[in-house]
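S.K.: With the input below, show me the fold.
(one chain, ligands or ions: 2)
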Amino acid sequence: MRKINIFDTTLRDGEQSAGVNLNFSEKIEIARQLERLGVDIIEAGFPASSKGDFASVQEIARIVRNCSVTGLARSIQSDLDAAWDALKDGAEPRIHTFIATSPIHRQYKLKKSKEEVIEIAVGSVKYAAQRFPIVQWSAEDAGRTELDYLAEIVEAVIQAGAHVINIPDTVGYLPPAEYGNIFRYLREHVPSIHKVKLSAHCHDDLGMATANSLAAIEAGAEQVEGTINGIGERAGNAALEEVVVALHTRADHYQANTRLKLNEISRTSSLISKLTGMVIPANKAVVGRNAFAHESGIHQDGVLKEKTTYEIISPDLVGVSINSMVLGKHSGRHAFKTRLEELGMSVTEEELNRLFVQFKELADKKKEMTDDDLNALVLEEKLSK
Ligand code: KIV
Ligand code: ZN
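M.R.: Ligands and ions are numbered 1, 2, ... in the order given. Here you go, the predicted structure:
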């Protein structure tokens, strides 16, 4: 099994979600929970961006001892200095510096030639490597960068001292096969690639961030970046809970694992939703309210006979303890009877037949049948005698 490092950027890229603004103590609470969850790296913020970010990154670097803490810096010395001041007391200070490499960004945003971008990248990596034991370098918009140029700049920053090379699909543009091919290409065309870890960083603009992250792992990435609940710029980042649970559930396929405590996922997800105010869609994979809910009679009957008929992830695995049977108009007799038994209501076969007819009539008018509804039905049935 290959070990995949999990790089959590909930507090940096995640906080860049429109409308999200976490305060100091909320960020500390999230960092502590991420440490409990067992991520390998916490990107705590962007120290040069504001005094508030500097203070929270500094505090997180000081208190988090069981994972590496990093901060983002543009390729400019003042950013790298601010990051060092914020991170130097950390258990394993690590810098994450970047520059855009795609033709669109070079031409319109940076107004720099290919050679100039390489020079800036190399200069910033050399400068960072003088102090930071671990230097991560990212090619912003790598997904839309010419492959031969990407290989050239990656070789140059490795020579300059980078330890981790991150390949962001910054605008969530690539399909999985194309994204995976970038990793294969770099492994074949960058002479010093064996000296570094390759990292995947995917955005979800076309809904492909999780698939792309997994494609990168298949193509040799040893680190995956993302956020809890997939929050982040625009449509968000890769949802880490989806990536790690996919790796776990299909370990036979990926032959890779992480050190995450999966049963902390639900708690982490709820905390982040509560503090960011970003509601989790009910049908969201792994952490949505309905992710383990079975409503139709056929599914309920199957699950009651053998869970794995319709359940590929056990709710316990990710720390969810729920009654996964949702009783509604699609539910069958088997689930109805089981729930009555769980509620301690004993009914005869004849009563059950009558109750089930009434249950269906009522369920047709309601979204979900609650335990109170069942109680009322049974009470009425008993009193009618
Ligand atoms: O999406 C992106 O390119 C980024 C970089 C700053 C790593 O978040
Ligand atoms: Zn990003």
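S.K.: Pull the number of nearby residues for the closest residue to Leu198 other than its chain neighbours.
M.R.: If you skip the residues right next to it in sequence, Leu198 has Ala221 as its closest partner in space, 4.8 Å away by C-beta to C-beta, 6 or more residues apart in numbering. Using the backbone N, CA and C atoms, a C-beta is placed for each residue, glycine as well. When neighbours are defined as other C-beta atoms under 10 Å, Ala221 has 29 of them.
S.K.: So Ala221 belongs to a helix, correct?
M.R.: No. Assignment of Ala221 by DSSP: H, G, I helix; E, B strand; the rest coil gives coil, placing it outside any helix.
S.K.: Show the low-confidence segments of this structure, by residue range.
M.R.: Screening the chain residue by residue with the criterion pLDDT under 70, one finds the ranges 323.
S.K.: What parts of the stretch 201-350 of the chain come near ligand 1?
M.R.: In this structure, the stretch 201-350 of the chain approaches ligand 1 at residues His201, His203, judged by C-beta under 6 Å from any ligand atom.
S.K.: Now do the strands in the stretch 201-350 of the chain.
M.R.: Ranges of strands in the stretch 201-350 of the chain, per DSSP state E, counting those that start in this stretch, are 223-226, 256-257.
S.K.: So which of the ones you listed is the most surrounded?
M.R.: Looking across these with neighbours counted as mean count of other C-beta atoms under 10 Å, the highest average goes to strand 223-226: a mean of 28.
S.K.: if we can go back for a sec, how about JSON lines for the strands of the stretch 201-350 of the chain, with distance to Ser25 added?
M.R.: Formatted as JSON lines, the strands of the stretch 201-350 of the chain follow (distance: least, C-beta to C-beta, whole Å):
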{"stretch": "strand 223-226", "distance to Ser25": "24"}
{"stretch": "strand 256-257", "distance to Ser25": "33"}
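S.K.: for those, which one sits closest to Asn283?
M.R.: strand 223-226 (19.2 Å; C-beta to C-beta).
S.K.: partner strands of that closest one, parallel or antiparallel?
M.R.: Listed by DSSP bridges, the sheet partners of strand 223-226 and their directions read strand 5-8 (parallel), strand 197-202 (parallel).
S.K.: Mind giving me the packing neighbours of the helix or strand following the first one?
M.R.: Put plainly, it is strand 5-8. Toward the C-terminal end, the helix or strand that comes next after strand 5-8 (DSSP states H and E) is helix 24-37. Using 3 or more C-beta pairs under 8 Å, 6 or more residues apart in numbering; DSSP states H and E as the contact criterion, the secondary-structure elements in contact with helix 24-37 are strand 41-45, helix 51-63, helix 265-276.
S.K.: Go through the ones you listed and name the closest to Ser75.
M.R.: Smallest distance to Ser75 across the helices and strands packed on helix 24-37 (C-beta to C-beta): 16.8 Å, for strand 41-45.
S.K.: Identify the residues contacting the residue of the stretch 251-385 of the chain found nearest ligand 1.
M.R.: Among the residues of the stretch 251-385 of the chain, Thr276 lies closest to ligand 1, at 17.4 Å counting by C-beta to the nearest ligand atom. With contact taken as C-beta atoms under 8 Å, 6 or more residues apart in numbering, Thr276 is in contact with Gly14, Glu15, Ser17, Val20, Leu22, Ile231.
S.K.: May I see the PyMOL selection of the buried members of those residues?
M.R.: Buried residues within these, by 16 or more other C-beta atoms under 10 Å, are selected in PyMOL with:
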select buried, resi 14+15+17+20+22+231
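S.K.: ok, the contacts of Thr276 vs ligand 1, which is closest?
M.R.: Proximity to ligand 1 was ranked across the contacts of Thr276 by C-beta to the nearest ligand atom; first place goes to Gly14, at 10.4 Å.
S.K.: Quick check: closest non-adjacent residue to that closest one.
M.R.: Of all residues not flanking Gly14 in the chain, Thr227 sits nearest, at 3.8 Å (C-beta to C-beta, 6+ apart).
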